[in-house]
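A.B. asks: all I have is the shape, not the residue letters:
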């Protein structure tokens with residue numbers, strides 16, 4: 001009983017943890033939702049009081065995650081809360097700090113535009129917006145060109161603002177400055193403001209692209225104008241392959257050049273021992289940002305070293321989108337005289353025009369390293385020689401010094417003769433040791449090769465067994481996935497939220513058999529679909545809250561059918577296809 005107060009004191013101890021908060025967007029409209037993320041740098045079981053948010057927001061749901069990382073024998077934990085909110089009013093809204101133990105989050109600000117900003121307008125109105133994509137399906141990290149045009153038949157004041165489009169997890173780059181021109185639509189003259197963007201999606205799945213928000217005022221009556229381009233859906237598919245060096249380069253064009261190809265250096269360059277040779281290698285890619293281009297420097301050899309002096313990254317805008325160039329200035333330092341060969345450079349990339357892997361190569365180059373000149377050798381010998389003391393001597397002393405020098409020379413010659421005789425006698429022993437070493441090395445190589453062959457045969461047998469096991473497991477999961485999907489479809493058609501939640505978890509466990517799925521949060525992490533997140537939150541709300549409204553399961557069933565259509569059966573178990581390189 002004495003230990004009970006101590007346990008209670010430990011439970012009631014305050015939580016000490018750094019808490020950070022951020023929003024997925026800082027500007028939305030009144031009909032939009034915003035995701036608030038709170039993160040603490042430790043594992044926390046305590047619940048957060050979200051009541052300060054109820055004044056300005058509708059609380060649509062939340063989920064709590066515990067993230068862990070292990071390095072060097074140490075484990076680090078972080079706790080994350082994700083809250084889905086919808087604003088109750090427009091204007092500048094302050095998100096108050098939320099308390100967690102003795103710590104609290106920062107105060108955040110959200111700009112909410114009126115409901116009129118939700119509509120992009122119709123053709124023929126005084127102001128309307130058109131937005132388009134060059135394609136609706138792209139690979140992860142490949143370029144997606146988004147074009148926005150604002151048409152206005154009335155004069156606008158110069159203080160207009162246009163936000164960037166928003167795509168979760170994407171790198172967004174404006175393609176140049178805004179372009180202004182005139183165009184006639186349905187017999188009416190309009191002034192057009194055009195802005196193009198290059199988007200590089202970093203997540204896979206069916207994503208919703210939120211259009212830019214326009215804010216401006218009419219010159220005639222100073223009235224406020226707020227519009228947002230309509231949202232678009234983008235299907236982002238995983239990379240088709242990954243190179244041995246770990247990079248993935250989807251582009252419409254990619255070239256390699258160096259100083260040998262451009263003529264700055266001859267095909268067979270020459271330098272002298274003790275000097276260095278500087279040259280550069282450039283990669284130019286259309287449809288990739290410069291930050292995604294890999295390193296180009298060739299590997300060092302046994303007789304020379306390679307160092308990168310500087311790297312230049314340049315991005316240009318054209319009709320094809322973003323064209324990037326990476327230039328590496330390289331310094332080569334030879335160690336010995338003679339012919340040196342620089343290894344060829346191979347870069348594998350994915351051609352989006354033909355939807356196939358391609359390979360670009362810089363050929364190997366020969367470098368002639370000349371020996372040092374006699375003057376340089378003499379200078380090195382003089383520098384290595386020990387300094388000799390000098391003194392003033394008399395004529396008699398000079399005679400004595402000559403005699404001493406002659407005696408020393410004779411002793412040196414005798415020592416050289418004895419050393420030569422000893423070297424000749426040891427040559428036979430060195431030859432015998434060399435033969436013994438060669439025989440031992442050959443025997444070791446034979447044994448190593450035999451063991452490697454045995455190991456490869458065992459690995460092949462194990463791989464075949466694993467393939468058969470995975471094939472049986474895949475067939476079982478496919479059968480179970482079909483059965484559980486039929487049960488889920490029946491629950492959705494009957495508009496039964498409680499049964500639909502159970503059947504949804506059972507279906508997800510068979511649809512993603514390699515992932516650990518036990519609840520709705522695990523399904524959201526596996527699907528990575530914002531649309532499915534909202535539908536799951538809606539399902540949870542009808543299950544756990546006293547909601548009199550009737551739940552409709554047709555939208556959830558439609559989202560699940562899209563997931564099944566976009567992901568073929570057995571995708572996780574299927575190996576990556578072999579690459580068939582095309583020259584170019």
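C.D. replies: Nice, I can see it. From a predicted model like this one, the values you see are computed outputs, not experimental measurements.
A.B. asks: run through the bridge partners of residue 277.
C.D. replies: Following DSSP bridges, residue 277 is listed with bridge partners residue 332.
A.B. asks: brain fart, residue 148
C.D. replies: Where residue 148 sits in a bridge, its partners, by DSSP bridges, are residue 131, residue 195.
A.B. asks: could you check how far it is from residue 137?
C.D. replies: 20 Å (C-beta to C-beta, to the nearest Å). From N, CA and C alone the C-beta is placed, and that goes for glycine too.
A.B. asks: the two: which has the busier surroundings?
C.D. replies: Using other C-beta atoms under 10 Å as the criterion, residue 148 and residue 137 rank with residue 148 on top: 22 against 13.
A.B. asks: OK, contacts around residue 104?
C.D. replies: If you count contacts by C-beta atoms under 8 Å, 6 or more residues apart in numbering, residue 104 has them with 19, 97, 98.
A.B. asks: show me the contacts for the first one.
C.D. replies: Yep, that's residue 19 we're talking about. Residue 19 neighbours (C-beta under 8 Å, 6+ apart): 38, 39, 40, 98, 100, 103, 104, 105.
A.B. asks: mind giving me the packing neighbours of the one helix or strand residue 330 maps to?
C.D. replies: Using DSSP states H and E, residue 330 maps to strand 321-334. If you count contacts as 3 or more C-beta pairs under 8 Å, 6 or more residues apart in numbering; DSSP states H and E, strand 321-334 packs onto strand 277-286, strand 304-318, strand 365-370.
A.B. asks: what helix or strand is the closest residue to residue 512 other than its chain neighbours located in?
C.D. replies: The shortest distance from residue 512 to any non-neighbouring residue, by C-beta to C-beta, 6 or more residues apart in numbering, is to residue 526 (4.8 Å). Assigned by DSSP H and E, residue 526 falls within helix 520-527.
A.B. asks: number of nearby residues for the residue nearest to residue 62 when sequence neighbours are not counted?
C.D. replies: Residue nearest to residue 62 in three dimensions, not counting chain neighbours: residue 83, with 4.5 Å by C-beta to C-beta, 6+ apart. By the measure other C-beta under 10 Å, the count of residues near residue 83 is 21.
A.B. asks: and residue 83, bridged to which residues?
C.D. replies: Residue 83 has these beta-bridge partners by DSSP bridges: residue 36, residue 62.
A.B. asks: need the pLDDT of it.
C.D. replies: Here the pLDDT value assigned to residue 83 is 89.
A.B. asks: contact partners for it?
C.D. replies: So residue 83 contacts 35, 36, 37, 38, 50, 53, 59, 61, 62 (C-beta under 8 Å, 6+ apart).
A.B. asks: any of those buried? List them.
C.D. replies: 35, 36, 38, 50, 53, 61, 62 (16 or more other C-beta atoms under 10 Å).
A.B. asks: reformat the residues you listed as CSV; add distance to residue 208 and pLDDT.
C.D. replies: Below are the buried ones among the contacts of residue 83 laid out as CSV (distance: C-beta to C-beta, whole Å; pLDDT from 0 to 100):
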residue, distance to residue 208, pLDDT
35, 13, 85
36, 18, 91
38, 23, 88
50, 25, 88
53, 24, 90
61, 18, 81
62, 21, 83
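A.B. asks: now the two most distant members of the contacts of residue 19.
C.D. replies: Within those, 39 and 104 form the most distant pair, 13.4 Å apart (C-beta to C-beta).
A.B. asks: the helix or strand hosting residue 93 packs against which elements?
C.D. replies: Taking DSSP H and E as the definition, residue 93 sits inside strand 91-95. Judged by 3+ C-beta pairs under 8 Å, 6+ apart, the packing partners of strand 91-95 are strand 108-113.
A.B. asks: can you tell me what sits against the strand it packs on?
C.D. replies: Outside strand 108-113, the residues that reach it (C-beta under 8 Å, 6+ apart) are 21-23, 26-30, 34, 36, 87, 89-95, 213, 215, 226, 228.
A.B. asks: got it, and stretch 303-313?
C.D. replies: By C-beta under 8 Å, 6+ apart, stretch 303-313 touches 278, 290-291, 293, 295, 297-300, 324-336, 338, 340, 367.
A.B. asks: now with 6 Å, please.
C.D. replies: 290, 297, 300, 326-336, 340 (C-beta atoms under 6 Å, 6 or more residues apart in numbering).
A.B. asks: and those residues, which are buried?
C.D. replies: Looks like those have 290, 326, 327, 328, 329, 330, 332, 334, 340 buried, using 16+ other C-beta under 10 Å.
A.B. asks: show me the contacts for the last one.
C.D. replies: Right, residue 340. By C-beta under 6 Å, 6+ apart, the neighbours of residue 340 are 303, 304, 367, 369.
A.B. asks: what's the most distant pair in those residues?
C.D. replies: Put simply, by C-beta to C-beta the two of the contacts of residue 340 set farthest apart are 303 and 367, 9.9 Å from each other.
A.B. asks: between these two, tell me which one has more neighbours.
C.D. replies: Shown here are residue 303 and residue 367; by other C-beta under 10 Å, residue 367 has more neighbours (21 against 15).
A.B. asks: not counting its neighbours along the chain, what's nearest the more buried one?
C.D. replies: In space, residue 367 is closest to residue 340, 4.4 Å off (C-beta to C-beta, 6+ apart).
A.B. asks: tally of neighbours for residue 111?
C.D. replies: There are 17 residues near residue 111, going by other C-beta under 10 Å.
A.B. asks: could you pull up phi and psi at the residue nearest to residue 97 when sequence neighbours are not counted?
C.D. replies: Closest residue to residue 97 apart from its sequence neighbours, by C-beta to C-beta, 6+ apart: residue 104 at 4.1 Å. With angles defined as degrees, to the nearest 10, residue 104 sits at phi -140, psi 160.
A.B. asks: for residue 104, list each beta-bridge partner.
C.D. replies: residue 99.
A.B. asks: just the pLDDT at the residue nearest to residue 367, thanks.
C.D. replies: 81.
A.B. asks: for it, helix, strand, or coil?
C.D. replies: Under DSSP: H, G, I helix; E, B strand; the rest coil, residue 340 falls in the strand class.
A.B. asks: that older thread, and the residue nearest to residue 97, how far from residue 276?
C.D. replies: Distance, residue 104 to residue 276, using C-beta to C-beta: 58 Å.
A.B. asks: all set now, cheers.
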